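K.L.:
show me how the following folds:
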Amino acid sequence: QVQLVESGGGLVQPGGSLRLSCTASGRIFSINAMGWYRQAPGKQRELVALITSSRSKNYADAVKDRFTISRDNAKNMVYLQMDSLKPEDTAVYYCNAEVRTSLRSSGNNYWGQGTQVTVSS
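P.N.:
As a prediction, the model looks like this:
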């Protein structure tokens, strides 16, 4: 019903920047919160940044002042600008969205397939 597709991952040197994008498509009435999570090898998936429909934002302490989340409601997209990247930011990054598929729907969570971000010299 709803698909999330991420793009923008890759290999970058420490101190570099990357911009991740995520597009939601399918049966969408509206989207509540959108966010980015990441999972490093051997670790649990963790929240990186979250943005609500009113554009209120929350960040994990590890990425505050380095990452910026934004969204384009008209395009059903969410972005993550990542600056001053560190090796410990290496992970698979997943897009998440709480999507209402109808007026009666309160919202269901959907995930993208993930995009690899590797920070290494």
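
K.L.:
show the pLDDT at the residue of the chain positioned farthest from its centre.
P.N.:
Of all residues in the chain, R104 has its C-alpha farthest from the mean position, at 26.0 Å, by C-alpha atoms, centre = their mean. Looking at R104, its pLDDT stands at 89.

K.L.:
over to S54?
P.N.:
Reading off the model, S54 has pLDDT 92.

K.L.:
report the buried residues of stretch 43-53.
P.N.:
Across stretch 43-53, burial judged by 16 or more other C-beta atoms under 10 Å covers 48-51. Where C-beta positions appear, they are placed from N, C-alpha and C, glycine not excepted.

K.L.:
work out the gap between stretch 41-55 and the centre of the chain.
P.N.:
7 Å (C-alpha atoms, centre = their mean, to the nearest Å).

K.L.:
check stretch 1-19 too.
P.N.:
9 Å.

K.L.:
same question for stretch 108-121.
P.N.:
8 Å.

K.L.:
quick one: end-to-end length of that stretch, please.
P.N.:
39 Å (C-alpha to C-alpha, to the nearest Å).

K.L.:
who touches it?
P.N.:
2-14, 16, 18, 20, 22, 24, 38-39, 82, 85-99, 101 (C-beta atoms under 8 Å, 6 or more residues apart in numbering).

K.L.:
any of the residues you listed buried? List them.
P.N.:
2, 4, 6, 8-9, 12, 18, 20, 22, 24, 38, 82, 85, 89-99, 101.

K.L.:
in helices, which of the residues you listed fall?
P.N.:
Residues of these located in helices (DSSP state H): none.

K.L.:
out of these, name the ones that lie in strands.
P.N.:
Using DSSP state E, 2, 4, 6, 12, 18, 20, 22, 24, 38, 82, 91-99 are the members of the buried ones among the contacts of stretch 108-121 that sit in strands.

K.L.:
how many residues are close by S25?
P.N.:
10 (other C-beta atoms under 10 Å).

K.L.:
and it, what are its bridge partners?
P.N.:
Q3 (DSSP bridges).

K.L.:
which residues does it contact?
P.N.:
Taking C-beta under 8 Å, 6+ apart, one finds 2-3, 5, 76 in contact with S25.
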